[in-house]
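Peer 1: I would like to see how this sequence folds:
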Amino acid sequence: MGDMVKIKYVERQRLTNKELILFLDFLKGMRVTIKKLFRKTITTYYPFEKITPPKRFRGTHAHRVKNGNEPPSFKVIEKFMDIKEGESRCVACYMCQQACPVPELFKIEAVQTLDGKKRVVRFDMNLLNCMYCGLCTEACPVDCLIMTDIYETASYHRASCVTHMKDMCERAVDFDRRRYDEPDRIWIDDEERSKLWGQIKWS
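Peer 2: Residues are numbered from 1 along each chain as shown. Next up is the predicted model:
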């Protein structure tokens, strides 16, 4: 047998008679409670009150489509792909799947067309296995896979938690229509931030 682990017991510090009679520990705790009790709450009355998440919020995934706003990296790969205007700009590089801690949540399929180009025919994500870490979006070389501000994804059926390429394209078009030109920052403006969190006092 290996060495026995020795456990050292430390006797709890006893309260003084004054602390026992006047409940000083209890009053110290209540002092903090009462101090915070009258401060303005920062919680929202969800679902009756909803706030708009930051643009960088890690919500439900989406696929940007080919619409003329592609990054230079897409322009280089585009000649090897069969992607029409308005379709997902995914190039089936599988970088998102390789970066994912749970790669099994991706189902990606691509075929070769008669002219030798590659075409993506399937891109499914089982969001029940997703941790919403965002590593897949960072790995995407053509800025196709993004995360939106949609967070209400509860469902009664597991099958509806699997998102498909068509759904993701529609989601990205809607997201970009609403927030593409918005500055990429945590809060939309300082007024919105201060309304929820108050003024920050730097030490």
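Peer 1: how close does the residue nearest to the spatial centre of the chain sit to F175?
Peer 2: Geometric centre of the chain, nearest residue: R58, 1.9 Å, by CA atoms, centre = their mean. Separation of R58 from F175 (CB to CB, to the nearest Å): 13 Å. All C-beta spots, glycine's among them, are computed from the backbone N, C-alpha and C.
Peer 1: ok, residues contacting the longest strand seen in the chain?
Peer 2: Taking DSSP state E as the criterion, the chain has its longest strand at strand 118-126. Contact with strand 118-126 is made by 61, 63, 80-83, 88, 90-92, 104-113, 161-165, 168, as judged by CB atoms under 8 Å, 6 or more residues apart in numbering.
Peer 1: can you tell me the distance between the two ends of stretch 90-108?
Peer 2: Distance between the two ends of stretch 90-108: 10 Å, counting by CA to CA, to the nearest Å.
Peer 1: buried sites along that stretch?
Peer 2: Neighbour-count burial for stretch 90-108 flags C90, V91, A92, C93, M95, C96, Q97, A99, C100, L105, F106, I108 (criterion: 16 or more other CB atoms under 10 Å).
Peer 1: which residues in the chain form helices?
Peer 2: Assigned by DSSP state H, the helices in the chain fall at 17-22, 24-37, 72-77, 95-99, 135-139, 165-179, 190-197.
Peer 1: dump those helices to TSV, plus mean pLDDT and distance to E152.
Peer 2: Output for the helices of the chain, formatted as TSV (pLDDT from 0 to 100; distance: least, CB to CB, whole Å):
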stretch	mean pLDDT	distance to E152
helix 17-22	74	49
helix 24-37	82	30
helix 72-77	92	31
helix 95-99	96	23
helix 135-139	96	20
helix 165-179	96	13
helix 190-197	70	19
